[in-house]
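>>> Quick one, what's the 3D model for this:
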Amino acid sequence: MTHSPLTDPRTAPALVRDGASSSTPGARRITACRSCGGADLAMVLDLGRQPIANALLSAEELDRPEPVFPLEVLVCEACGLAQVSETIPPDVLFNADYPYFSSFIPALLRHSREHALKLIAERDLGPADFVVEIASNDGYLLRNFVDAGIPALGIDPAAGPVEAAQAAGVPTECAFFGRETSRRLAAEGRRATVMLANNVLAHVTDINDFVAGFAILLADDGIAEFEFPYVRDLVETCAFDTIYHEHVFYHSLSALEPLFARHGLHLNDVWRLDIHGGSLRLRVSRTPGKSERLEALQAEERTLGIGQLAYYRDFGDRVAGIRMHLRSMLHAYRAQGKTIAAYGAAAKGATLLNYVDLAEGTIEFVVDRNTHKVGKWMPGVRLPIRDVAELGTARPDFLLILTWNFAKEIVEQQRAYHAAGGTFLCAIPTPQVLRPRARRPARAGTLSSPDPAKPRSPRTGLRTRPLEGAGTSNLPPAQPQGSPFDRLSG
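A predicted model of the protein is given here:
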């Protein structure tokens with residue numbers, strides 16, 4: 001496959017004011033901030049022209065050209081909101097073949113159940129309440145409320161996950177959410193006690209219509225909670241692979257508070273979460289009442305200058321460094337005759353692989369537990385997606401974990417692969433070798449704890465051995481020899 005040339009991501013920020021349209025039909029380049037309408041937008045990262053990250057290919061589609069779109073991040077100089085430069089129609093992004101099914105991710109199921117049970121207890125929810133989740137996917141979160149006898153409704157635009165949710169007994173509408181849907185439900189007397197929106201606030205192009213929908217549907221004494229990746233974690237860990245066209249926004253508190261206020265909602269509380277490589281959970285309502293926790297995090301943002309162009313000054317350089325380092329590492333392993341596969345046919349994997357632009361044949365295939373993805377091909381790079389059982393059959397020497405936000409769980413699941421001689425790799429926050437920590441039984445009456453002196457990835461929670469340079473002389477051995485610095489907590 002021939003890849004499109006990529007613009008140097010280290011290019012200095014340039015104002016985007018000319019309104020030049022994308023050369024790809026169906027997309028439109030923004031000329032103003034989607035939130036506040038500010039006209040001064042500065043480019044802080046360019047990942048080149050990329051396909052839709054979740055648009056997995058069938059065998060019949062391999063001979064057809066794929067649409068590609070510029071993947072650039074702009075920052076609004078007025079409100080500080082980071083956002084992609086291209087608006088792609090939602091029916092292109094979220095079609096009937098949308099392959100993301102949350103119930104295939106055990107860590108996400110645990111996280112969601114804990115969240116639901118916390119809300120049920122804290123808000124004393126019961127049959128008289130009404131919980132609405134936006135972007136409810138296959139019902140993975142709402143089923144906890146349904147099982148507790150609490151009326152609930154999911155709203156999601158992707159037909160496949162909606163059908164799965166309905167089959168699981170979770171009432172779900174296949175629709176986009178905004179003012180229109182909210183007005184209809186409110187007119188039916190279905191005002192929500194609790195509204196939830198996990199990993200969708202970053203996805204909605206018309207962000208004002210979306211937030212206005214919450215202001216319409218939320219009961220006077222209700223609360224709404226939003227979870228989304230935090231731009232601070234993205235920048236600090238250089239998680240550029242979480243940037244793709246479906247993720248329109250990269251949020252901070254400083255950019256969100258005026259958005260909520262514009263629609264009569266008050267930002268009152270915040271929690272920092274490890275899920276998805278670093279996220280925030282926000283709580284908003286119709287009445288003000290900021291927590292000390294929120295005020296403290298807002299003060300940190302002001303100190304760091306989040307929302308200012310200077311905050312992104314070296315981001316592009318660090319992204320380019322990961323690209324160079326990962327290419328050198330994988331090409332060196334292939335030159336040694338080693339075989340490489342990847343784990344996780346996720347959108348972040350598509351961004352990473354298309355940006356890094358490896359030589360053909362460097363990675364042979366991708367494995368995934370999601371049966372809806374197996375048998376398809378990754379967009380752009382067109383790598384086949386196989387069942388995880390293929391690891392035991394093909395036995396690749398190296399396994400690059402693309403879904404690094406679940407690396408600890410994956411390493412634990414695939415201990416047999418490691419025991420058979422396989423080696424785990426990860427690219428974020430820096431290319432590194434991973435190894436499961438040996439299981440040691442704890443003595444009676446004691447709790448085992450990891451050694452704080454050993455390096456640990458800030459987002460995966462695993463022991464790592466970072467690579468020291470891009471040259472082959474500095475690459476790790478093909479089979480790490482048990483250094484305490486390459487061990488990950490199991």
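>>> now Asp63, what's its secondary structure?
coil (DSSP: H, G, I helix; E, B strand; the rest coil).
>>> and the gap between it and Gly361?
To Gly361, Asp63 is 20 Å away according to Cβ to Cβ, to the nearest Å. Glycine gets a C-beta too; all of them are placed from N, C-alpha and C.
>>> So between those two, which is more surrounded?
Legend: neighbour count by other Cβ atoms under 10 Å for Asp63 and Gly361, higher for Gly361 (9 against 6).
>>> check contacts around that one.
Counting by Cβ atoms under 8 Å, 6 or more residues apart in numbering, Gly361 touches Arg334.
>>> Sticking with it, tell me its helix or strand.
Using DSSP states H and E, Gly361 sits in no helix or strand.
>>> give me phi/psi at it?
phi 90, psi 0 (degrees, to the nearest 10).
>>> State the mean pLDDT of the longest strand along the chain.
Identified as the longest strand of the chain according to DSSP state E is strand 218-229. Averaged across strand 218-229, the pLDDT comes to 96.
>>> what residues go with each domain of this protein?
Following automatic domain parsing, one gets these domains for the chain: 1-88+177-313, 316-486.
>>> Same list, these, but as CSV with distance to Val170 please.
Output for the domains of the chain, formatted as CSV (distance: least, Cβ to Cβ, whole Å):
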stretch, distance to Val170
domain 1-88+177-313, 13
domain 316-486, 18
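>>> Between those, pick out the one with the smallest average pLDDT, please.
Note on those: lowest mean pLDDT is at domain 316-486, with a mean of 79.
>>> distance between the ends of stretch 117-130?
15 Å (Cα to Cα, to the nearest Å).
>>> Give the buried residues for it.
For stretch 117-130, burial by neighbour count (16 or more other Cβ atoms under 10 Å) applies to 119-120, 123, 125, 129-130.
>>> In CSV, list these along with pLDDT, secondary structure and distance to Val68.
Converted to CSV, the buried residues of stretch 117-130 look like this (pLDDT from 0 to 100; DSSP: H, G, I helix; E, B strand; the rest coil; distance: Cβ to Cβ, whole Å):
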residue, pLDDT, secondary structure, distance to Val68
Leu119, 95, helix, 41
Ile120, 95, helix, 45
Arg123, 95, helix, 45
Leu125, 96, coil, 45
Asp129, 97, coil, 46
Phe130, 97, coil, 43
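>>> Please report the distance of Arg382 from Leu399.
Relative to Leu399, and taking Cβ to Cβ, Arg382 is found at 19 Å.
>>> Could you export the longest strand of the chain as CSV, CA atoms only?
Coordinates of each C-alpha in strand 218-229 appear next as CSV, following Å, rounded to 0.1, in the frame of the first residue of the first chain:
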residue,chain,number,x,y,z
LEU,A,218,-32.6,17.4,33.0
ALA,A,219,-35.1,17.6,35.9
ASP,A,220,-34.9,20.7,38.0
ASP,A,221,-33.1,18.8,40.8
GLY,A,222,-31.3,16.4,38.5
ILE,A,223,-27.6,15.9,37.8
ALA,A,224,-25.7,15.2,34.6
GLU,A,225,-22.3,13.5,34.6
PHE,A,226,-19.9,13.4,31.7
GLU,A,227,-16.7,11.3,31.2
PHE,A,228,-14.2,12.0,28.5
PRO,A,229,-10.4,11.9,28.0
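>>> That strand: partners in the sheet, and parallel or antiparallel?
With DSSP bridges as the test, strand 218-229 is paired with strand 192-198 (parallel), strand 279-285 (antiparallel).
>>> Dump the ones you listed into a markdown table; add mean neighbour count and distance to Val374 as well.
Shown next, in a markdown table, are the strands paired with strand 218-229 (neighbours: other Cβ atoms under 10 Å; distance: least, Cβ to Cβ, whole Å):
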| stretch | mean neighbour count | distance to Val374 |
| --- | --- | --- |
| strand 192-198 | 24 | 25 |
| strand 279-285 | 21 | 28 |
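>>> among these, which is nearest Arg29?
strand 192-198 (26.7 Å; Cβ to Cβ).
>>> one step back: in the longest strand of the chain, which residues are buried?
Buried positions in strand 218-229, judged by neighbour count with 16+ other Cβ under 10 Å: 218-219, 222-229.
>>> Residues contacting the helix or strand following it, please?
Moving toward the C-terminus from strand 218-229, the next helix or strand (DSSP H and E) is helix 231-236. The contact list for helix 231-236, computed with Cβ under 8 Å, 6+ apart, reads 82, 239-240, 242-243, 250-252, 277-279, 301, 304, 306, 311-312, 315, 458-459.
>>> quick revisit: how far away from the center of its chain is the longest strand of the chain?
On the basis of Cα atoms, centre = their mean, to the nearest Å, strand 218-229 sits 21 Å off its chain's mean C-alpha point.
>>> now the strands: where do they sit in the stretch 1-150 of the chain?
Along the stretch 1-150 of the chain, the stretches classed as strands by DSSP state E, counting those that start in this stretch are 28-29, 41-50, 69-76, 82-84, 86-87, 131-134.
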